[in-house]
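>>> Here you go, sequence then predicted model.
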Amino acid sequence: MKALVTGANKGIGFEIARNLGKRGYDILVGARDEARGPAAVEKLAAEGISAAFIKIDLNDLASLHTAAKMIDSLDILVNNAGIPDSLKPGRAALDITKHTFDYTTEDLRTTMETNFLGTHELTKNLLSRLTDTGKIVNITVPISPTEFWHPLAYITSKAALNVMTLTYAYEFEKMGSHRQIFGIMPGAVATDLNGMEAGAHSGFVKSLEAAGRMCTDIILSDKNQNGQMIQYDGKTVTDYEIQLRG
Ligand SMILES: NC(=O)c1ccc[n+]([C@@H]2O[C@H](COP(=O)([O-])OP(=O)(O)OC[C@H]3O[C@@H](n4cnc5c(N)ncnc54)[C@H](OP(=O)(O)O)[C@@H]3O)[C@@H](O)[C@H]2O)c1
């Protein structure tokens, strides 16, 4: 059994790769950097996990086409790689204080290209490699604005990803396919993306290890999760996407 995890060189992607590897999957470590990707493979191999590097740069469509051609069969695709939309001054972490009206078209374009367009291109090119019971997993976020959570470009790109999840799921169901596509919303996890510390905000922020285990349990569930958005506590989200679901 084989799983490709994008952005698997660090963060949530690395932990999902690690947990899937421990549970018997051969791991393709999708990463854009030709040093960071193989370094992650070495770390996994040191834990006895079967892993190989595959170059996946969501901003380079040619790399996605090449990657798809190198894969003959795939049981699980985890679309994890992603970027925040705007960075805190001096730090490569999401700035959720940026005002909605300060977003530029360039902010939207960059975030959309990585989080949605590149992910869509990869997924579409891998469809023919996905086994009959294969799973596509999109790592995503809630898209409804709240007082503390409304980073315009980031949630716009994830909204597009969520629509892709629902639309592909609809097609799988219509075809009578046993393939599944679903979203996982891991909640707040301490990573470079947000610069948060595990346990911060009254313990609300999860550690990477906890997030990796939680995502992997959801991915490997025996339940049919096609078209679902599943949050960190395992519950299926029915309110965030209600308008999209009609
Ligand atoms: N952290 C959270 O609280 C949280 C919550 C909900 C959802 N998520 C989602 O979880 C996913 C992983 O985020 P994270 O928190 O683990 O962030 P992270 O530690 O910053 O990891 C992001 C990963 O994506 C890769 N990446 C970025 N741009 C890429 C591109 N153009 N092509 C290929 N790979 C690219 C990064 O590679 P480099 O090392 O080369 O930059 C890195 O491996 C994201 O989709 C994020 O939206 C995170």
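Arrived safely, thanks for sending. Numbers count the residues shown, from 1 in each chain.
>>> Only alpha carbons, please: show stretch 119-135 as CSV.
Taking C-alpha atoms only, stretch 119-135 is exported to CSV below (Å, rounded to 0.1, in the frame of the first residue of the first chain):
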residue,chain,number,x,y,z
THR,A,119,-3.3,20.9,-5.5
HIS,A,120,-6.1,20.5,-8.1
GLU,A,121,-3.5,19.9,-10.9
LEU,A,122,-1.8,17.2,-8.9
THR,A,123,-5.0,15.5,-7.9
LYS,A,124,-6.4,15.5,-11.4
ASN,A,125,-3.1,14.1,-12.8
LEU,A,126,-3.1,11.3,-10.1
LEU,A,127,-6.7,10.2,-10.5
SER,A,128,-5.9,7.5,-13.0
ARG,A,129,-3.3,6.1,-10.6
LEU,A,130,-5.6,6.0,-7.6
THR,A,131,-6.7,2.4,-6.7
ASP,A,132,-10.5,1.5,-6.8
THR,A,133,-10.7,2.0,-3.0
GLY,A,134,-8.2,4.9,-3.0
LYS,A,135,-8.6,8.0,-0.8
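>>> what does it rub up against?
Residues outside stretch 119-135 that contact it (CB atoms under 8 Å, 6 or more residues apart in numbering): 4, 6, 56, 58, 61, 64-65, 67-68, 71-77, 79, 81, 136, 138, 161, 164, 168, 177-182, 219. Placement of C-beta: from N, CA and C, glycine included.
>>> Run through the residues you listed and flag the ones next to the ligand.
By CB under 6 Å from any ligand atom, the members of the contacts of stretch 119-135 lying near the ligand are 6, 56, 58, 81.
>>> Is it possible to get JSON lines of those residues that adds pLDDT, neighbour count and secondary structure?
Output for these, formatted as JSON lines (pLDDT from 0 to 100; neighbours: other CB atoms under 10 Å; DSSP: H, G, I helix; E, B strand; the rest coil):
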{"residue": "6", "pLDDT": "98", "neighbour count": "29", "secondary structure": "strand"}
{"residue": "56", "pLDDT": "98", "neighbour count": "27", "secondary structure": "coil"}
{"residue": "58", "pLDDT": "97", "neighbour count": "25", "secondary structure": "coil"}
{"residue": "81", "pLDDT": "98", "neighbour count": "25", "secondary structure": "coil"}
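>>> Please identify the one among the residues you listed that lies nearest to residue 44.
Set against residue 44, the nearest of those by CB to CB is residue 6 (15.1 Å).
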